[in-house]
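J.: Give me coordinates for this.
(2 chains)
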Amino acid sequence: MRKLAGLAALLAAFAVGAADAQTPRRGGTIRMTAPYGASMGSLDPHVTPRAQDDILGKALHRTLFNWDSANKKLVLELATSVTASADGLVHTFKLRDDAYFHNGRKMTADDIIFSYTRIMDGSKGYPAARYIRVIKGAVDVEKNQAKEISGLRKIDDTTLEITITDRVDPAYYFFAGSTAILPREEVEKGNFAANPVGLGPFRFKEHIPGSRVVATRWDKFYKPGKPYADTFVLQIMAEAAARDLAFRSKEIDTSILGPAQYVAYRADPELSKGVMEVAEMFTRAMVLNPSFKPFSDKRVRQAINHAIDTDLIIKRLVKDKAYRATSWLPLSSPAYDKALKPYAFDPDKAKKLLAEAGYPDGFEFELTTSQNESWGLPIVEAMIPYLARVGIKVKPKLVEVTVLTEIAMKGEHQAYIGSNLTGPDSLATLRCFYSKTPRTACNYSSFNNPAFDKLLDEAAQSGDMAKRNDLLRQANLLVQDEAPVWFFNYNKAVMAYQPWIHGLQANPTEITHQYVEDIWIDERSPAK
Amino acid sequence: MLAVLVRRLLNVVPTIAAVVALVFLLFSVLPGSFISGMNEDGRTTIDPAVMERMRKEMGLDDPLAERFVKYLGRTAIGDLGTSFRTREPVTKLIADRLWPSLKLTFAAMLFAIAIGVPLGFVAALKQGSVLDTASMVGAISGLSLPKFWLGLMLMYLFALQLKWLPSFGYGDGGLRHLTLPAIALGVSPMALLARTTRAAVLDVLNADFVRTARSKGMGESRVVTWHVMRNALVLVVTTIGLQFGSLMGQAVVVEKLFSWPGVGSLLVDSVFQRDIPAVQGCILLIVFFFLAINTLIDLAYVLIDPRIRYG
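T.: From the prediction side, this is the model:
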């Protein structure tokens, strides 16, 4: 009996302890890192589309929609509800009436209209124009043929009607950080980047360019009780080795890991307890240009996919910090086909396909590549012997990563290897293979397949999401069969985190993009 | 002295003009542009229509000659243009970074002089001793250590193992955060200074006038302070000047590694993102700093050794 009572007491104590461990603590400092460069681009979110800048953007600013990592979908953020017209073109948003800018003023529909109109200022070339252009009349403002976007109509302070030109899900267009809602009066003061004012859970305090940005809790943030932490510090740390040391010496709470560190952290009994892995929406591939004669033949493209032992390259070179790509849409896409098998490593089949295509002795091609460790020269060097085995000789051409996009856009490559953003909008992602999409937009393989176009047209017209995803799944299957690229991998983003940080989100759109109001720090953190 | 200063400044002008032209032309012929750099290793997709507008806004489609003339005109009046990346004036970007850069450069040089010069002196005076051998082995090692590696080792030892100092960052700009990057940056000039000082002192120690002074019965300490030190100083000061002048440029790696908010880390990021106005501004500043320090050193020669005259 005494034993039972003791056990019950122990269980009760454990239950309390467990409950305490899950109760968010108020206070403390969140210390995250910005790893994609030695400085921030701009603190004005409309000016920059960079992932690096949006890490801070998630703390300072807010957009109409947010990515909900737990449910893997986009959700309303600055609105409480939305209704769509029968034709799917007119969307009426009921906006929050409890969202306050950091200057204390309440957000209204006018702020959304101002922000979207500013983005369409054609003389500025704001990057988010690509998203806002979906609103009726936005292009007229961009071309300076109108002062106002006709598709934006304020019904009252908290009701906004947005008319779009295509039957698309507006969530995909109004969630990017570069579409953040800003207060007109603060923007018009000038020098907004030095004094950003937003709707986010933290308000700007200081920016030491090239070193850190500090923000403090915004007490009028619209989610009750949030944010938990008092302070948010973003340390700008471009060097992976320095980040690793800072993480191990407990000076930062999170760190992005590269392949080499991933292996070391997984092998360490302590560090391995704090590693978060996410299948990010990036597809790494070698894009084959059909204007180079051998690549105009589907059998040659398929042969390349069969000739390379992709699994082994991912295991040995990328250190398993990637998922094998089966086709173009990534693992985290709702239209991803889990049953789809990748091209099998089969050199004999590759040789056979090459012979059928009229290349029994193979051929030689130039492969443009960057130095990137996960999808650049080291990968190309690993591919060379595999392709040589089936008679294909590769001449690598090394360029700086900033040049790759230009080469792809101009079509100056026979083949190039790169990383491509492939989400979260599966329809927009697959549009890169639509015949009417120009090369400059993203159809780098000049893909042209009427059956594919038909599937995409039907998907675009469908208001039923399940049906749309099914059509996109079929289109993705067709892309696999056509093999316009060598399907390499989907990025596995890895974030190391300290034991005292809680509430991190496995965000597949970009792992560093954390909605910091959900993050809390327990008392073990050395940062006060 | 004033004539020397004017003559030196007149020499600076063509050097700066040549650098301005070279940097502009070099970055104009390099492949890739700021807009393609926004792709961020495939993390972002830029809409072609937006790209076109940005190219137009930034004047990237204008003929090279036209851009060059505009650039020269602006630079001549101290306007370094607008950063493609932040859309802020480059002068502001540089001004934000200048003080941390100067702080790091001065601290590193102070470290180099404080350790390197006495070490070289003592090594020369105790030539062939264990101290001489040890200090010269240390100096050669210091010269050959890559700054990146040395920086990591310092972080490992002082931050991770001993927990004495923070491994990175600017903090409040104080000594705690400055120490490690300053040592990482200062070890190489310290080693060079130690070697140069030793060679200069040995050279003077073997000179006829030192032998004469000793034969006249002058005490060793007076020989060293009165004759050796002063005569060796010209070469030492030259080395200090050259090292000091180039230190801001050398700081690129250290600043990036330690997240130190200086001009070096701005330069490296701007190069990778093809933010040409920012690159041009940073290089111009680094060159200007080099020339300014060396002009000051030239003036210092006159004070140290009155025999030196500029014809």
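J.: tell me the domain boundaries of chain B?
T.: The record's domain split for chain B, according to automatic domain parsing, is B:2-76, B:91-310.
J.: export those to CSV and tack on mean neighbour count, mean pLDDT and distance to A:Leu367?
T.: In this view, the C-beta of every residue, glycine as well, is placed from N, C-alpha and C. Formatted as CSV, those follow (neighbours: other Cβ atoms under 10 Å in any protein chain shown; pLDDT from 0 to 100; distance: least, Cβ to Cβ, whole Å):
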stretch, mean neighbour count, mean pLDDT, distance to A:Leu367
domain B:2-76, 16, 77, 16
domain B:91-310, 19, 89, 23
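J.: which stretch among those comes nearest A:Ala246?
T.: Ranking the domains of chain B by proximity to A:Ala246 (Cβ to Cβ) places domain B:91-310 first, at 4.9 Å.
J.: Does chain A have contacts with the closest one?
T.: Yes. Contact of domain B:91-310 with chain A (Cβ under 8 Å from any Cβ of the partner chain) involves B:93, B:96-97, B:100, B:151-152, B:155-156, B:159-160, B:163, B:166-170, B:255-262, B:265-266, B:268-269, B:272-274.
J.: With distance to A:Val233 added, can I get the domains of chain B in a markdown table?
T.: Converted to a markdown table, those look like this (distance: least, Cβ to Cβ, whole Å):
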| stretch | distance to A:Val233 |
| --- | --- |
| domain B:2-76 | 23 |
| domain B:91-310 | 9 |
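J.: Out of these, the one nearest A:Ala325 is which?
T.: The nearest among the domains of chain B, by Cβ to Cβ, is domain B:2-76 at 13.7 Å.
J.: Compute the distance from the centre of the closest one to the centre of its chain.
T.: 22 Å (Cα atoms, centre = their mean, to the nearest Å).
J.: ok, now stretch A:55-68?
T.: Here stretch A:55-68 shows a centroid-to-chain-centroid distance of 13 Å under the convention Cα atoms, centre = their mean.
J.: If you count neighbours, what's buried in it?
T.: For stretch A:55-68, burial by neighbour count (16 or more other Cβ atoms under 10 Å in any protein chain shown) applies to A:55-67.
J.: can you check stretch A:225-238 too?
T.: Using 16+ other Cβ under 10 Å as the test for burial, stretch A:225-238 gives A:Lys226, A:Pro227, A:Tyr228, A:Ala229, A:Thr231, A:Phe232, A:Val233, A:Leu234, A:Gln235, A:Ile236, A:Met237, A:Ala238.
J.: which residues does the fifth one bridge with?
T.: Using DSSP bridges, the bridge partners assigned to A:Thr231 are A:Thr29, A:Thr216.
J.: Distance check, A:Glu458 against chain B.
T.: 24 Å (Cβ to the nearest Cβ, to the nearest Å).
J.: Can you name the residues that contact A:Tyr323?
T.: By Cβ atoms under 8 Å, 6 or more residues apart in numbering or on different chains, the contact set of A:Tyr323 is A:Ala279, A:Ile314, A:Leu331, A:Asn489, A:Tyr490, A:Lys492.
J.: mind redoing it with 6 Å?
T.: Taking Cβ atoms under 6 Å, 6 or more residues apart in numbering or on different chains, we find A:Tyr323 in contact with A:Ala279, A:Leu331, A:Tyr490, A:Lys492.
J.: Can you flag which of those belong to strands?
T.: A:Ala279, A:Tyr490, A:Lys492 (DSSP state E).
J.: among those residues, who's most crowded?
T.: Within these, most neighbours by other Cβ atoms under 10 Å in any protein chain shown means A:Tyr490, with 29 neighbours.
J.: Let's see the pLDDT reported for that one.
T.: Looking at A:Tyr490, its pLDDT reads 95.
J.: again, but for the one 4 residues further on
T.: A:Val494 is assigned a pLDDT of 97 by the prediction.
J.: for the host helix or strand of it, packing partners?
T.: Using DSSP states H and E, A:Val494 sits in strand A:485-497. Contacts defined by 3 or more Cβ pairs under 6 Å, 6 or more residues apart in numbering or on different chains; DSSP states H and E place strand A:485-497 against strand A:254-256, strand A:275-288, strand A:322-324.
J.: got a list of contacts for it?
T.: Outside of strand A:485-497, the residues within contact range by Cβ under 6 Å, 6+ apart are A:247, A:254-257, A:262, A:265, A:274-280, A:282-287, A:304-305, A:314, A:321-323, A:325, A:330-331, A:504, A:511.
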